[in-house]
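Colleague: got a predicted structure here, sequence first:
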Amino acid sequence: MPNQLQQIAIKWFDAFNTKNLEKLLELYDDEAQHFSPKLKIRQPETNGLIIGKEAMRVWWQDAFDRLPTLHYKVTSLTANTDRVFMEYTRQVAGEPDMLVAEVLEIKDGKIVFSRVYHG
């Protein structure tokens, strides 16, 4: 089971880094939740939490449009039976690199909750 969850994380990075929004969203449950400190800043009304694929579509499309050089470099993946803990470096041209950790909670092969932590 941990290997299957790590494969979901690898697909997540591939979809994100190729800016393939549809492949990224396919990894999520329709009612999945996503929490990010960046959401709190850019969309204060969300208090950092969005729910559902459509909200995620809007959020990530905005990120892809604003940050065309955005790239995540994986440094560590650790999985158990229902979670993947991912560590990566957020890279954007003209900005300092940012260390990021993210936890994906997975149920029945779909991400149901993701939480981002910035270093």
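Modeller: All right, it came through fine. Numbers count the residues shown, from 1 in each chain.

Colleague: use CA for all of it now, contacts and neighbours both
Modeller: Fine.

Colleague: tell me the SS of residue 116?
Modeller: What DSSP: H, G, I helix; E, B strand; the rest coil gives for residue 116 is strand.

Colleague: could you report the separation of it from residue 94?
Modeller: Computed as CA to CA, to the nearest Å, the residue 116 to residue 94 distance reads 22 Å.

Colleague: ditto for residue 118
Modeller: From residue 118 to residue 94 the distance is 18 Å (CA to CA).

Colleague: between those two, who's got more neighbours?
Modeller: Set residue 118 next to residue 94 and count neighbours by other CA atoms under 10 Å: residue 118 wins out with 15 against 7.

Colleague: bridging residues for that one?
Modeller: With DSSP bridges as the criterion, residue 118 is bridged to residue 100.

Colleague: test my guess that it contacts residue 97.
Modeller: No - under the criterion of CA atoms under 8 Å, residue 118 makes no contact with residue 97, lying 11.0 Å away.

Colleague: so which residue of the chain lies furthest out from the middle?
Modeller: Seen from the C-alpha centroid of the chain, the residue lying at the greatest distance (CA atoms, centre = their mean) is residue 94, 21.6 Å away.

Colleague: shouldn't it be within a helix?
Modeller: No - checked against three-state DSSP, residue 94 lies outside a helix; its state is coil.

Colleague: so who does it touch?
Modeller: For residue 94, no contacting residues are found, by CA atoms under 8 Å, 6 or more residues apart in numbering.

Colleague: cool, residue 64 as well?
Modeller: Residue 64 makes contacts with 19, 70, as judged by CA under 8 Å, 6+ apart.

Colleague: quick check: it is in a helix.
Modeller: Yes - under three-state DSSP, residue 64 sits within a helix.

Colleague: please report how far it lies from residue 93.
Modeller: Residue 64 is 13 Å from residue 93, where distance means CA to CA.
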